[in-house]
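Student: what's the 3D shape of this:
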Amino acid sequence: MDDKPRAGAEATAEKQRAIQREQDRRDADKEAKAQARGGEGGGPQAPQTGTRPQPEDFPAQHLPKPGLERDMALRPRFEAPDYRGSGKLQGMVALVTGGDSGIGRAVAVLYAREGADVAIVYLASHADAQETARCIEQEGRRCLLVPGDVKDTAFCNEAVARTVRELGKLDILVNNAAFQEHADALEDLTDERILETFDTNIVGYMRMARAALPHLKAGGSIINTGSVTGLRGSGSLLDYSATKGAIHAFTMSLASSVIARGIRVNAVAPGPVWTPLNPADQTADKVAEFGKSTDFKRPAQPEELSPAYVFLAAPSCASYITGIVLPVTGSVGAS
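Tutor: Below is the predicted model:
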């Protein structure tokens, strides 16, 4: 692939690290106070309702952006060992943005287990992407790695074109790439930070969907990753929450726009999920408490989210479902 998209992606990754460093400086005093404050400890036990117990305690760790899954002290669980494929996506081709790690990796692996070949679009985490490709190929399917920046229209067009050219077609688009950096107040958000978040999270989704639509046929689908923050907001994620709310509205609007073509558009709105996005955002002490405010008293593992993406993508499961935002938030109620 041309070196220009890769160079642009590396430049974006460095820009995001610069934004992170600026916020880290703001956090330094607060983090020192938090570390000096004694923890209460001994909280209530997290409910366990799955096929295997999930982690309840998480390391205090802060990662440089964009955050590598391989560098996490506690690796996210994406393998879903008790999930058995049944050919729900047999012979289909999916493109997953942000597919190198986290939710995107977990989705890509289950899509492969259900019989799909998968193209992975990612920014600059090459080692993580290679691991995702290895896992997809271990499922017996083909994987195409496409590094680049979804803020670049030409790259989005070429990523879709390469997928169709090398994997033969396109049936499913999963928009999952995201940029997140917390802030204590709106006054702390520079224009650069706001534009980086919006251009990646919502405009990037629109670019990818626009590039994909000419190739999607009846029975195809688009699945967008929204967020619980788009349902109820977040005082420390003002710009990120706004983009997630926009993604939910975009999902419903696009679903109405393309239903006559037999293309379905849905979204999943996760609550807290243990992925590189969060240790690459929050301070280490907050990462250790991540997800404990949910009714499950812990964040989800990516493998607990990925079956929802299979359900929405599979014509055998969701042929009569379009324009929904499916909350998987770890708490009682839709939000």
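
Student: for Ala112, the count of nearby residues, please.
Tutor: Look at Ala112: counted by other CB atoms under 10 Å, it has 24 neighbours. Placement of C-beta: from N, CA and C, glycine included.

Student: which strand or helix spans it?
Tutor: Take DSSP states H and E as the rule and Ala112 turns out to sit in helix 102-113.

Student: next SSE downstream of that helix?
Tutor: Later in the chain than helix 102-113, the nearest helix or strand by DSSP H and E is strand 117-122.

Student: outside of that next one, which residues touch it?
Tutor: With CB atoms under 8 Å, 6 or more residues apart in numbering as the test, strand 117-122 has contacts from 92-101, 104, 108, 111-112, 128-129, 132-133, 136, 141-148, 150, 159, 162-163, 166-168, 177, 208.

Student: re earlier: helices or strands up against the helix holding Ala112?
Tutor: strand 93-97, strand 117-122, helix 126-138, strand 172-175, helix 306-313 (3 or more CB pairs under 8 Å, 6 or more residues apart in numbering; DSSP states H and E).

Student: which parts of the stretch 101-250 of the chain are helices?
Tutor: 102-113, 126-138, 153-167, 191-198, 204-212, 228-232, 238-258 (DSSP state H, counting those that start in this stretch).

Student: leaving out chain neighbours, which residue sits closest to Arg261?
Tutor: Leaving out its chain neighbours, the residue that sits closest to Arg261 by CB to CB, 6 or more residues apart in numbering is Ala218, at 6.6 Å.

Student: might you report the residue contacts of that neighbour?
Tutor: Applying CB under 8 Å, 6+ apart, the residues contacting Ala218 are 261-263.

Student: got it, and Arg70?
Tutor: By CB under 8 Å, 6+ apart, the residues touching Arg70 are 127-128, 131.

Student: swap in 6 Å and give it another go.
Tutor: Arg70 makes contacts with Ala127, as judged by CB atoms under 6 Å, 6 or more residues apart in numbering.

Student: quick one: it from Leu326, how far?
Tutor: From Arg70 over to Leu326 the distance is 29 Å, taken as CB to CB, to the nearest Å.

Student: please apply the same query to Gln301.
Tutor: Counting by CB to CB, the gap from Gln301 to Leu326 is 17 Å.

Student: ok, the two, which is more surrounded?
Tutor: For the pair Gln301 and Leu326, the greater number of neighbours falls to Gln301 (23 against 19), based on other CB under 10 Å.

Student: so how many other residues sit close to Thr200?
Tutor: Thr200: 24 surrounding residues under other CB under 10 Å.

Student: the closest residue to His62 other than its chain neighbours: neighbour count?
Tutor: Nearest residue to His62, sequence neighbours excluded (CB to CB, 6+ apart): Ala284, at 4.5 Å. By other CB under 10 Å, 16 other residues sit near Ala284.

Student: just Ser331 next, same as before
Tutor: By other CB under 10 Å, the residues close to Ser331 number 15.

Student: contacts only, for it.
Tutor: Counting by CB under 6 Å, 6+ apart, Ser331 touches 294-295.

Student: against Arg298, how distant is it?
Tutor: 12 Å.

Student: circling back to that earlier point, of the helices and strands packed on helix 102-113, which is nearest Tyr83?
Tutor: Relative to Tyr83, the nearest member of these by CB to CB is helix 306-313, separated by 6.5 Å.

Student: relative to helix 102-113, how tilted is that closest one?
Tutor: Angle between the axes of helix 306-313 and helix 102-113 is 60 degrees (criterion: axes from the mean of the first three to the mean of the last three CA atoms, to 10 degrees).

Student: quick one: contacts for the closest residue to Ala129 other than its chain neighbours?
Tutor: Of all residues not flanking Ala129 in the chain, Asp100 sits nearest, at 4.0 Å (CB to CB, 6+ apart). Taking CB under 6 Å, 6+ apart, we find Asp100 in contact with 122, 125, 128-129, 132.

Student: low-scoring pLDDT stretches of the stretch 151-300 of the chain, where are they?
Tutor: Applying pLDDT under 70 to the stretch 151-300 of the chain flags residues 277-283, 285-287, 290-291.

Student: give me that answer again for 80
Tutor: Flagging of the stretch 151-300 of the chain using pLDDT under 80 yields the residue ranges 276-291.

Student: give me the residues contacting the helix holding Ala112.
Tutor: 78, 85, 89, 94, 96, 98-99, 118, 132, 135-136, 139, 141, 174, 176, 275-276, 302-303, 305-306, 309-310.

Student: of those residues, grab the buried ones for PyMOL.
Tutor: In PyMOL, a selection of the buried entries from these looks like this (16 or more other CB atoms under 10 Å):
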select buried, resi 78+85+89+94+96+98+99+118+132+135+136+139+141+174+176+275+276+302+303+305+306+309+310
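
Student: thanks a lot, see you next time.
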